[in-house]
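1. I'd like to go over a predicted model; first the sequence, then the structure.
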Amino acid sequence: MNDSKRDTRVVGIGASAGAMDPLKEFFTRIGSETGLAFVVVQHLDPNHVSYMSEVLARQTGMKVIEATDQARVRANVVYTIPPNKFISLDDGVLRLSEPIKRDGLRLPIDFFFRSLAHDYGADAIAVLLSGGGSDGTLGIREIRGAGGLVIVQNPESAQFDSMIESAIATGLVDFVLPVQEIPAKLLQYVRQVSEQDGAAPQAISAGIDAILELLVNETKSDFR
């Protein structure tokens, strides 16, 4: 697993049938200066142009663009998946590839979540919204296995809930929330983790100082 301590954390959002309104709600509430990058992986008709980036751009002050191959993720940017492509991360760079079928199914959310877990480790964040089937479930297992965060939409508020229910059944989901509550919880989590990361070096330094002081008192030797 790569070192996940990067300047820009990535939030992967898995979406399928019935997720358009939840996506609009999420980006209306998340704000435009989060310091995060967002990658929206939705099930799309492979034979039709996607207007997802244009739709979401009307909901947020962030820049919203359709992902291109070998683009490095940037903070406060939303990337949407192009039709008939799979998307993944490699050292903070987006990679587009031809779709892969497993048992006759395309599972682009699992594909992206797995790469996110591998690339960002404990810094990986996955959000799963309305959809049918079970895409996202295996990817969520890897996100949690790496120590990342998983938030899913409350199935009672979803137009299609089987994708969410499948994820919840793993027992690995951190929060199950109505869509309007997900942005605040996500930002709270990121803020708390950042504060803990900042406090850790100070705590270590204080501990070392205490040990050295003890050595001075007990051995009369000053190792500082």
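-> Now that the structure is in, tell me what you want to look at. Residues are numbered from 1 along each chain as shown.
2. phi, psi of the residue nearest to residue 97 when sequence neighbours are not counted?
-> Once flanking residues are discounted, residue 97 sits nearest to residue 86: 4.9 Å by C-beta to C-beta, 6 or more residues apart in numbering. C-betas here are computed from N, CA, C, even on glycine. When read as degrees, to the nearest 10, the backbone of residue 86 gives phi -100, psi 150.
3. so how far is residue 14 from the nearest residue to residue 17 once chain neighbours are set aside?
-> Closest residue in space to residue 17, ignoring its immediate chain neighbours: residue 160 at 4.6 Å, by C-beta to C-beta, 6+ apart. Residue 160 sits 13 Å away from residue 14, going by C-beta to C-beta, to the nearest Å.
4. anything in contact with each of the two?
-> Overlap of the contact sets of residue 160 and residue 14 (by C-beta atoms under 8 Å, 6 or more residues apart in numbering) consists of residue 131.
5. So residue 40 belongs to a strand, correct?
-> Yes: the assignment for residue 40 (DSSP: H, G, I helix; E, B strand; the rest coil) places it in a strand.
6. Surely it and residue 13 touch.
-> Yes: using C-beta atoms under 8 Å as the test, residue 40 is close enough to residue 13 to be in contact (4.8 Å).
7. shared neighbours of those two, anything?
-> Residues touching both residue 40 and residue 13 (C-beta under 8 Å, 6+ apart): residue 23.
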